[in-house]
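Build me a model from this:
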Amino acid sequence: MFKVLKNSNFSYLFWGRIVTNMGDSLYNVAAMWLVYEMTNSPLYTGIAGALIMIPQVLEFLVGPLVDRWKIRSILISTQLLQGGLILLIPISYYLGFSNVWFVMFIMFGVVAIEQFVYPAQSAMIPKVLNKEDLPEANSLMSIAYKGADFVLTAIAGIVIVKIGAINIFLINTVTFLLAVMLFKNIKYHENKERVIEDHPSIKSGFQMYKKELSEGFTFVKNSSILQFIVPLIVANFVFGMVNAILPAYADFRGGERYYGYYLASLSIGMLIGSLVAMYFKKIPLGRVIILSFILSSVAWGGSAFIGSSLLSIILFGISTIGIGIANILIFSMIQALLPEDMMGRVFSFISSIATILLPLGSFLGGYLATIIGSEYIFAGGSLLCLFIVFYWSSNRPLRSLPPYLEINAENHLKRKAS
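Residues are numbered from 1 along each chain as shown. This is a model prediction of the structure:
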């Protein structure tokens, strides 16, 4: 798997992702805990979670821009903008005008900028690697994401207690600058026809943007891609709810340090799932998805109802292994099927559709937690994993999907007649 790191361009992309995700992990943990600390209410963490998840739903708007702008420039400029915004939180705090709504507003802006990053990284991978290397590359990129989560969320509770959530944002600015230095070294062949003109008129630029946005939407609407991403939609709804109620649930289980433990457990599970996903690419994909979510449902249910907090944390991590496997294989399958010049547009639409229920899940989770308790909302994740098992099992084309390596656009990316 690590042979793809011998490709220097992918290596810079990989290490850049690790560093920038270190920053993402730090400010996500710090922001959610800071909001909970300011209000002591899961309702506010639910609202905060919904606000910072709304930009993910609108990611499809950036797709045409990713396809036409220089990808390396996107990666560099987004890191600089995010670092600058993050710095405003500690500045506002030390100048005495910080409040919960200001924190949420800044985080909304940071996450909005972030929506350019992941489509750009996804579009970059096929430009520097061959198709047969995509599962390994995507596994490594997911490991870069979850590995950063694992390392930082494992100590997040302790760090917040020791230095305070505010000071974590200062560390963030350094991570974004380091990411800029790594992304600057990436070299790849740019498709000249797809790069936006240096000085287009506003009218022509907007018309081209609308045209390419429409092309991405039409491609997704008229293909069979939508049925593949239903599990991702449901999984994101679940994680939206969990993200909102986890600070309160951690308090219920034992205090702020448990917030870091549960986040670390989630990250370790997803990391393991991402790491082992490549070993399933020769096994029928339909079977892998069904068994993965059965594992997730059983382990998640055990995590919710077992009395021991330690065992609950361990089982929660196990429940996310199956989700990590399914996520990598579905993502890699779609990535391999798409034409290169549509990559940014289609991926941004897919990401938007997959995350469409994230804000609703976050708000609903926080709201219901104030009524029935965070522990019951947490337990609901097991039932939603079962729903995915039922959905995939009851759909014959999905149930009978062949191994990843045998999937091709001609047979598995069906287009509806226009």
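
Would you agree residue 187 falls within a strand?
No. Counting by DSSP: H, G, I helix; E, B strand; the rest coil, one finds residue 187 to be coil, located in no strand.

phi, psi of it?
Phi and psi for residue 187, reported as degrees, to the nearest 10, are phi -130, psi 130.

ok, it touching residue 11?
No. Contact criterion Cβ atoms under 8 Å: residue 187 and residue 11 do not qualify, at 11.6 Å. No exception for glycine: its C-beta is placed from N, CA and C like everyone else's.

Give me the more crowded residue out of these two.
Taking other Cβ atoms under 10 Å, residue 187 and residue 11 do not tie; residue 11 has more neighbours (17 against 10).

Could you count how many residues lie near residue 236?
Per other Cβ under 10 Å, the neighbour tally for residue 236 reads 25.

what about the helices in the stretch 201-350 of the chain?
Applying DSSP state H, counting those that start in this stretch to the stretch 201-350 of the chain gives helices spanning 202-221, 225-228, 230-253, 256-276, 285-305, 309-337, 343-354.

and the shortest one, average pLDDT?
For helix 225-228, the mean per-residue pLDDT is 73.

again with the last one
If you average the pLDDT over helix 343-354, you get 69.

what do you get for the longest one?
Model confidence over helix 309-337, given as mean pLDDT, is 84.

buried stuff in it?
Of the residues in helix 309-337, 309, 312-337 count as buried by neighbour count, 16 or more other Cβ atoms under 10 Å.

Quick check: what element follows the top helix by length along the chain along the chain?
In the chain, taking DSSP state H as the definition, the longest helix is helix 8-39. Following helix 8-39 in sequence order, the next helix or strand is helix 42-57 (DSSP states H and E).

who's in contact with that next one?
Applying Cβ atoms under 8 Å, 6 or more residues apart in numbering, the contact partners of helix 42-57 are 31-32, 35-36, 38-39, 100, 103-104, 107-108, 110-112, 114-115, 240, 243-245, 247-248, 351-352, 355-356, 358-360, 362-367, 369-370, 374.

among those residues, which ones are buried?
31-32, 35-36, 38, 100, 103-104, 107-108, 110-112, 114-115, 240, 243-245, 247-248, 351-352, 355-356, 358-359, 362-367, 369, 374.

Convert the host helix or strand of residue 113 to CSV, retaining C-alpha atoms only.
Here residue 113 is covered by helix 100-114, with elements defined by DSSP H and E. Taking Å, rounded to 0.1, in the frame of the first residue of the first chain, the C-alpha atoms of helix 100-114 are listed here in CSV:
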residue,chain,number,x,y,z
VAL,A,100,-20.7,31.8,21.3
TRP,A,101,-22.3,33.2,18.1
PHE,A,102,-19.0,34.8,17.0
VAL,A,103,-17.2,31.4,17.4
MET,A,104,-19.9,29.7,15.4
PHE,A,105,-19.8,32.3,12.7
ILE,A,106,-16.0,31.9,12.3
MET,A,107,-16.3,28.2,12.2
PHE,A,108,-19.0,28.5,9.5
GLY,A,109,-16.5,30.5,7.4
VAL,A,110,-13.6,28.1,8.0
VAL,A,111,-15.7,25.0,7.0
ALA,A,112,-17.1,26.9,4.0
ILE,A,113,-13.5,27.4,2.7
GLU,A,114,-12.7,23.8,3.5
